[in-house]
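[1] This is the structure alone, sequence omitted:
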C-alpha cells in the first residue's frame, strides 16, 4: 500500500470516529431541510416566490450548508490541530510528506460535503418532490467550484490560526456571515434586489445564484461562476502563502 | 567516513545564537550522546541533522547528504524520535504502526517492535488514551519502523519508569549491535554513561567537551571520591595540600569525604601509611558523569 493510500485510509477511519463532525456535515443539512419540509405552509406554492415553494428554495440552501459545515466548521480545527500537536512535523521526518495528510483531509472533507449535498438532493426529491437540477452539468460545475471554495476558505482559516482555539473562534466568526450569504436565514433568491447584488459577490452568494439557475435548467451565469472561481483562486493563494508546517 | 558530520553549525533566533559553532562527527555504528543543560542548544542541533531546521551557517551531512536539500533521500534511512510530537488522538497504536510502516520501502516488522517495546497489549488503544510512557515507547517504535541506518532520539527515556527506561536502553543497544548509528540527546547522566560511546557536552550553544563517558569523568576535577573515618584527626591544611584535591568535607561521626583524582587518592594513602593512621569504613568511588557534567557546565557559566 502506498503512503498516500495508507494515510487516506487512516484519515477516513479517524473521520468516521468524529461523530460530531459526521452529524453536522452528513446529517444536519438534510435534517434541517426535512424539518422545514414538515411545515405544511412551506410545501405550498407561493406567488411571492414566483410560484415556487419555500422547500424548493431550501434545498440549495441545505446543499451549501453541507459545504460550509465541512470546509469552515470541521476542517480548520483538524488541520490546525495537526500542526499544533506536531503531527505534521513528525510526518516531515518520514519519506511521506506532511502534505499527504493535508491532501487526505481535503479529499475527505470535500467528499463528505459532496455526499451530504447529494443526500439533500435525493431526500428533497423523494420526500418533497423537489425537482432535480434541470441542467445537471451546470449544477455539478457550480457545486464542485463551491466545494473547492469552502475547502479553500477553511484552509485559510487554519493557515492564519496559531492554535486550535484560535481556529475555532475564527471559524465561528466566519460561519455566520457565510450562512447568511448562502441564504440559510433568508434564501438569496427572496432577498431584496439590492442585497442580492451585493451577496452575489460573496463565494456562497454567487454559489447560491449559480445553483439556482442550474436548478431551473439554465447554465449558471458566467459572472456567478467567475466570482466563485476568483474567490477560490484567491483563497488557495492566501492559504498556500500563509500556511506554516509548524 | 563519519555517517553524521556537523561542521561549524550556527543557528540564531531573535538575534541570539542558540547554536554557536558546533562541530562533531559521528562514526558509523556508535552511540553518540549530546548532553547539556536545558536550553543549551541540543535539540536545535539535532533538528538541523533531521532537516527540520535550516542552519544559519555551517554544514550538516548525513551519509554525505544535505538533510535539507536531499531531504527525501535522508528520510529513508534516518529514523527520528522528536521530543514533543503527538499523533492523532483517536488513532490506535496498531494503526499508527501500520501507517508509518507504509511510509517506508522496507519497514521493520511492527509486531515484533511493538512486542519489544511492551506495546502488544495496547495495540487497540487510542493514542489519546495512552500514558506518557506508552506514548514515548510508541514514538521509539515509530523511529525504528523504517529499518533506519541512523536514528536520532531526542530525550529517549523522559517520562519512562525505571523498568521501561532499562528496557529501552537494552533495545537501543540491540539496535546499535545490528549496525545502526544512534544520535542520542539526553540529560540523564546514567543514560549517557551506560549507552554512549562518546558524548558531546553542549553548553550555551557550544561544545565544551567531547570524549567517552570515562574520559570525561577522568578529566573532571572530581574523578575519584574517597571517604573514611581516620583513627586520628587530620588537619585541614595537610588535606588541602594533597595533589589535585578538589574538596574536603567533614561529615558526622568524623567521616572525611575527599574528592579529587587518582593522584589525590594515592597521595592520601601514602600519607596515612606514613603516619600509621588507620582508615575505618574506607570507600573509594569513581566520580560520576554527573560531577563531570556539572564541572564542565559550571566552568562555562
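    Nice, thanks for sending it over. What you see is a predicted model; the values in this text were computed from it and never measured.
[2] Only the buried residues of the longest helix along chain A, if you could.
    In chain A, with assignment by DSSP state H, the single longest helix is helix A:99-128. Neighbour counts using 16 or more other Cβ atoms under 10 Å in any protein chain shown place A:100-102, A:104-106, A:108-110, A:112-114, A:116-117, A:119-121, A:123-124, A:128 of helix A:99-128 among the buried residues. Quick note: C-beta positions are derived from backbone N, CA and C, even for glycine.
[3] what's it packed up against?
    helix A:3-17, helix A:28-37, helix A:54-68, helix A:75-84, helix A:87-91, helix A:136-160 (3 or more Cβ pairs under 8 Å, 6 or more residues apart in numbering or on different chains; DSSP states H and E).
[4] how about 6 Å then?
    Contacts defined by 3 or more Cβ pairs under 6 Å, 6 or more residues apart in numbering or on different chains; DSSP states H and E place helix A:99-128 against helix A:3-17, helix A:28-37, helix A:54-68, helix A:136-160.
[5] And the residue nearest the centre of chain A, what's its pLDDT?
    Relative to the mean C-alpha position of chain A, the nearest C-alpha, by Cα atoms, centre = their mean, is the one of residue A:67, at 1.4 Å. pLDDT recorded at residue A:67 is 96.
[6] Give the closest residue to the residue lying farthest from the centre of chain A in space, chain neighbours not counted.
    In chain A, counting by Cα atoms, centre = their mean, residue A:93 sits farthest out from the average C-alpha position, at 32.6 Å. Using Cβ to Cβ, 6 or more residues apart in numbering or on different chains and skipping the chain neighbours, the partner closest in space to residue A:93 is residue B:80 (4.0 Å).
[7] so how far is the helix or strand harbouring that neighbour from its chain's centroid?
    Using DSSP states H and E, residue B:80 sits in strand B:78-81. Mean-position distance between strand B:78-81 and its chain equals 16 Å (Cα atoms, centre = their mean, to the nearest Å).
[8] Mind giving me the packing neighbours of that strand?
    Packing partners of strand B:78-81 (3+ Cβ pairs under 6 Å, 6+ apart): helix B:132-144, strand B:150-154.
[9] Right, and chain A sits closest to which residue of the stretch 101-250 of chain B?
    With Cβ to the nearest Cβ as the measure, residue B:102 is the residue of the stretch 101-250 of chain B nearest to chain A, at 3.5 Å.
[10] Around the closest residue to residue A:67 other than its chain neighbours, how many other residues sit close by?
    Closest residue in space to residue A:67, ignoring its immediate chain neighbours: residue A:150 at 4.1 Å, by Cβ to Cβ, 6+ apart. Counted with other Cβ atoms under 10 Å in any protein chain shown, residues neighbouring residue A:150 total 30.
[11] what pLDDT does residue A:150 get?
    Residue A:150 carries a pLDDT score of 96 in this model.
[12] In contact with it, which residues are there?
    By Cβ atoms under 6 Å, 6 or more residues apart in numbering or on different chains, the residues touching residue A:150 are A:67-68, A:71.
[13] Could you rerun that using 8 Å?
    A:67-68, A:70-72, A:113, A:203-204 (Cβ atoms under 8 Å, 6 or more residues apart in numbering or on different chains).
[14] ok, now residue B:129?
    Neighbour list for residue B:129: empty [criterion: Cβ under 8 Å, 6+ apart].
[15] now do 10 Å
    Neighbouring residues of residue B:129 by Cβ atoms under 10 Å, 6 or more residues apart in numbering or on different chains: B:89-90, B:92-93, B:122.
[16] quick one: the strands in the stretch 201-301 of chain B?
    When secondary structure is read from DSSP state E, counting those that start in this stretch, the stretch 201-301 of chain B shows strands at B:206-211, B:224-230, B:247-250, B:256-260, B:279-286.
[17] In the second one, which residues are buried?
    This means strand B:224-230. Judged by neighbour count (16+ other Cβ under 10 Å), strand B:224-230 contains these buried residues: B:224-228, B:230.
[18] Please identify the most buried of the strands of the stretch 201-301 of chain B.
    Mean neighbour count (mean count of other Cβ atoms under 10 Å in any protein chain shown) peaks for strand B:256-260 among the strands of the stretch 201-301 of chain B, with a mean of 20.
[19] other SSEs contacting that one?
    Under the contact criterion of 3 or more Cβ pairs under 10 Å, 6 or more residues apart in numbering or on different chains; DSSP states H and E, strand B:256-260 touches strand B:224-230, helix B:236-240, strand B:247-250, helix B:262-274, strand B:279-286.
[20] Recalculate using a threshold of 6 Å.
    strand B:224-230, strand B:247-250.
[21] Quick check: mean pLDDT of that strand?
    Averaging pLDDT along strand B:256-260 gives 88.
[22] Repeat that for stretch B:47-65.
    For stretch B:47-65, the mean per-residue pLDDT is 95.
[23] so how far is that stretch off the chain centroid?
    That offset, for stretch B:47-65, works out to 20 Å (Cα atoms, centre = their mean).
[24] Hmm, residue A:92 and the residue nearest to residue A:93 touching each other?
    No. With contact defined as Cβ atoms under 6 Å, residue B:80 does not reach residue A:92; the gap is 9.6 Å.
[25] Between the two, which has more neighbouring residues?
    Set side by side, residue B:80 and residue A:92 show more neighbours around residue B:80, with 28 against 20, by other Cβ under 10 Å.
[26] State the distance from residue B:31 to chain A.
    Per Cβ to the nearest Cβ, to the nearest Å, residue B:31 is found 20 Å from chain A.
[27] For the closest residue to that residue other than its chain neighbours, grab the count of nearby residues.
    Counting by Cβ to Cβ, 6+ apart, residue B:31 lies nearest to residue B:182, which is 4.4 Å off, once chain neighbours are set aside. Residue B:182 has 24 neighbours, counted by other Cβ under 10 Å.
[28] Is it correct that residue B:182 falls within a strand?
    Yes. Assessed with DSSP: H, G, I helix; E, B strand; the rest coil, residue B:182 lies in a strand.
[29] That one: what's it in contact with?
    Taking Cβ under 6 Å, 6+ apart, one finds B:31, B:151, B:176 in contact with residue B:182.
[30] and it, bridged to which residues?
    Residue B:182 has these beta-bridge partners by DSSP bridges: residue B:31, residue B:151.
[31] Do you know the pLDDT at it?
    Looking at residue B:182, its pLDDT stands at 96.
[32] Contact residues of the stretch 1-150 of chain B facing chain A?
    Contact residues (Cβ under 6 Å from any Cβ of the partner chain) of the stretch 1-150 of chain B with chain A: B:50, B:75-76, B:80, B:82, B:84-86, B:88, B:90, B:95, B:99, B:102-103.
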